[in-house]
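*Asks:* Predicted coordinates and the sequence they were generated for:
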Amino acid sequence: MRTARLILTLATGAFAATTLLPGSATAGSIHARQEHQQVRIHQGVTQGDLSRPEVRRLEQEQLRIERNRRAALADGRLSAKERARLHRQQDKASAAIAQARHN
C-alpha cells in the first residue's frame, strides 16, 4: 500500500510538472507513454509481480527519463535527435518493466 501510494504520488507530480512546460505534440506523446509505463508499474505492484527493489529501480528509471525530457524541452522544442534519444530510453524502460513483471 505504501509503495502504491508512492508511485501514485510520483506519477501525479510528474504529470503536474509536465503540464506547466511548453511542448509539442511529440512531447505529449512521450509524456503519455511515461504515464502508461507508470500504470504498468503500479499494476505490477498491485498484482504482486514486483518487489520493492524492482519498483524502486523502475521508478528511478522513469524519473531519469522525465528529467531528460524536461531538459530536452528547456528551449521550448524537441529536436529529432532528442526525441529519438527519449524513445530509446522509453523502449529500454518498457523492456525492463516487462522483464521485472515476468521474472
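*Replies:* Okay, I see it. Numbers count the residues shown, from 1 in each chain.
*Asks:* What pLDDT does the model give Ala14?
*Replies:* As predicted, Ala14 sits at a pLDDT of 59.
*Asks:* got it, and Ser29?
*Replies:* Note for Ser29: predicted pLDDT of 87.
*Asks:* what do you get for Arg88?
*Replies:* Looking at Arg88, the pLDDT reads 97.
*Asks:* Can you report phi and psi for Leu78?
*Replies:* phi -120, psi 110 (degrees, to the nearest 10).
*Asks:* quick thing: my sequence starts at 23, can you match it?
*Replies:* From this message on, residue numbering opens at 23, which makes the last subject Leu100.
*Asks:* Isn't it up against Ala94?
*Replies:* Yes. Look at Leu100 against Ala94 with C-beta atoms under 8 Å: they come within range, at 5.6 Å. To be clear about C-beta, it is placed using only N, CA and C from the backbone, and glycine gets the same treatment.
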